[in-house]
Structures are given as structure tokens and as C-alpha cells.
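Visitor: Pasting a predicted model and its sequence here:
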Amino acid sequence: MAQSPQQWRSGSGEIAWLSMLVATLEKLSDPDERARPCDPDVLAAAKAHLALPARFQSFYGSRFSLRN
């Protein structure tokens, strides 16, 4: 799921991205998969990433404003 928004925003690309997301969520909902231990390095990296402040990024808007 490392595709940039511009790549998957087309009709078939968006469907492929959504299908991949659904397949991943279905895999993670499996009790056997959930019981597997997580790599501590991956878990620490995810926690560090989630601790960062949220960034606002508008894919459809402009960086320019009439208020400048």
C-alpha cells in the first residue's frame, strides 16, 4: 500500500487499492494471524509514527490562498 494517491486515483487503480485494503483487513481479522507475535522493531516504529503530530495534506486543493 505504498502507492501515491496520484497512482491509485484512477478508476481501476482505486478499485485495486481498495481490494488490497479489504484483503489485508480480512487477513488480519483471522484469529490465527492475530495470535502471531509482532516484531518489536516494527511495533516500535509504528508507535513512533503514530506519536507524530498529524499533517494536513489536501490532495485536491491548492497550496495557494487568496489570503496571502
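Guide: Structure's in. What do you need?

Visitor: all strands of this structure, in order?
Guide: Counting by DSSP state E, no segments of the chain form strands.

Visitor: Low-confidence ranges, it, go.
Guide: Across the chain, the ranges flagged by pLDDT under 70 are 1-11, 56-68.

Visitor: what about the helices in it?
Guide: In the chain, the segments counted as helices under DSSP state H are 5-8, 11-28, 31-35, 40-51.

Visitor: list the helices and strands the longest one packs on?
Guide: Right, helix 11-28. Packing contacts for helix 11-28, counted by 3 or more Cβ pairs under 8 Å, 6 or more residues apart in numbering; DSSP states H and E, involve helix 5-8. All C-beta spots, glycine's among them, are computed from the backbone N, C-alpha and C.

Visitor: what do you get if the cut-off is 10 Å, keeping everything else the same?
Guide: helix 5-8, helix 31-35 (3 or more Cβ pairs under 10 Å, 6 or more residues apart in numbering; DSSP states H and E).

Visitor: about what we covered before: mind putting the helices of the chain in JSON lines, mean neighbour count included?
Guide: Formatted as JSON lines, the helices of the chain follow (neighbours: other Cβ atoms under 10 Å):
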{"stretch": "helix 5-8", "mean neighbour count": "12"}
{"stretch": "helix 11-28", "mean neighbour count": "11"}
{"stretch": "helix 31-35", "mean neighbour count": "8"}
{"stretch": "helix 40-51", "mean neighbour count": "9"}
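
Visitor: No more questions from me, cheers.
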